[in-house]
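Peer 1: Need coordinates for the following:
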Amino acid sequence: MNQNHDIQALKPQLEAGIEALQLTLPVQAVDQLMAYLTLLEKWNKVYNLTAIRDPQEMLVKHLLDSLAIVPHIEGQRLIDVGTGGGLPGIPLAICFPDREVDLLDSNSKKTRFLIQAKAELGLENTQVFHQRVETYQPTEGYDGVVSRAFASLEDMMHWTAHLLNPDGFWWAMKAQKDFEDYSKLPGLVKIEAMIDLQIPGLDAQRMLIKASQQERN
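Peer 2: As a prediction, this is how the structure comes out:
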């Protein structure tokens, strides 16, 4: 009870972060994000969803970090690969109730949490898939494949190319200290944009890489 009360005390910081990111979100989004943070903190004690234990750190390094990409993400049908505890997929699903945001992870404990979170948060626009990304075969391609600290960009593209529509985009969230040599990417991959992200309350560099499959001749 006290822990939940402590987490609710973080609501003004979340609202300030949303304002700093200049986001216009659905009316229920703040309450859903706070409910998600509460669930994440509760289940983390047993399921080890994240190495971060402090709710205030979770707010900044998980929620606000995920929300920072909201203005940039395009597409009606998205999938978060290697989503873990639902980051950034659940915040995206909350912010985009009119889009499909699917969640994929190979860890059964994490997908069990995601199914519970989907139910408790009332997220009707998401499906949870407990599979390895290489073996998941969707009936319909995605407009966007999103990842956060999932793998190198080259591996991400190699493992997920079959998920992407021909005109879709990869969206890779990266810490700039993990900078890769993008000249080594496969020849049919094109970097469309490298977007610097400013996370409210976080003194660290973050970036979002937008990439596409170049048209085959």
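
Peer 1: So what's the residue count around D98?
Peer 2: 7 (other Cβ atoms under 10 Å). (C-beta placed from N, C-alpha, C; glycine too.)

Peer 1: show me what contacts it?
Peer 2: Applying Cβ atoms under 8 Å, 6 or more residues apart in numbering to D98 gives the contacts N125.

Peer 1: ok, and for stretch 35-47, which residues are buried?
Peer 2: Buried positions in stretch 35-47, judged by neighbour count with 16 or more other Cβ atoms under 10 Å: A35, Y36, L37, T38, L39, L40, E41, W43, N44.

Peer 1: Same question for stretch 7-24.
Peer 2: I7, L10, Q13, L14, G17, I18, L21.

Peer 1: now the first one, what's its secondary structure?
Peer 2: Looking back up the chat, that one is I7. Three-state call for I7 (DSSP: H, G, I helix; E, B strand; the rest coil): helix.

Peer 1: what's the distance between it and Q56?
Peer 2: 9 Å (Cβ to Cβ, to the nearest Å).

Peer 1: among the buried residues of stretch 7-24, which are in helices?
Peer 2: I7, Q13, L14, G17, I18 (DSSP state H).

Peer 1: counting contacts, what elements does the strand ranked longest in the chain pack onto?
Peer 2: What stands out as the longest strand in the chain, according to DSSP state E, is strand 164-175. If contacts are counted by 3 or more Cβ pairs under 8 Å, 6 or more residues apart in numbering; DSSP states H and E, strand 164-175 sits against strand 142-148, helix 153-160, strand 206-213.

Peer 1: which residues touch the second one?
Peer 2: Same thing as helix 153-160. With contacts defined as Cβ under 8 Å, 6+ apart, helix 153-160 is touched by 81, 133-134, 145, 147, 150-151, 170, 172, 174, 180, 182, 184-186, 189, 209, 211.

Peer 1: Go through it and flag the buried ones.
Peer 2: Buried, per 16+ other Cβ under 10 Å, within helix 153-160: L153, M156, M157, W159, T160.

Peer 1: State the distance from the fourth one to S147.
Peer 2: Just to be clear, that refers to W159. Relative to S147, W159 is positioned 10 Å away (criterion: Cβ to Cβ).

Peer 1: can you check the first one too?
Peer 2: Going from L153 to S147 by Cβ to Cβ gives 9 Å.
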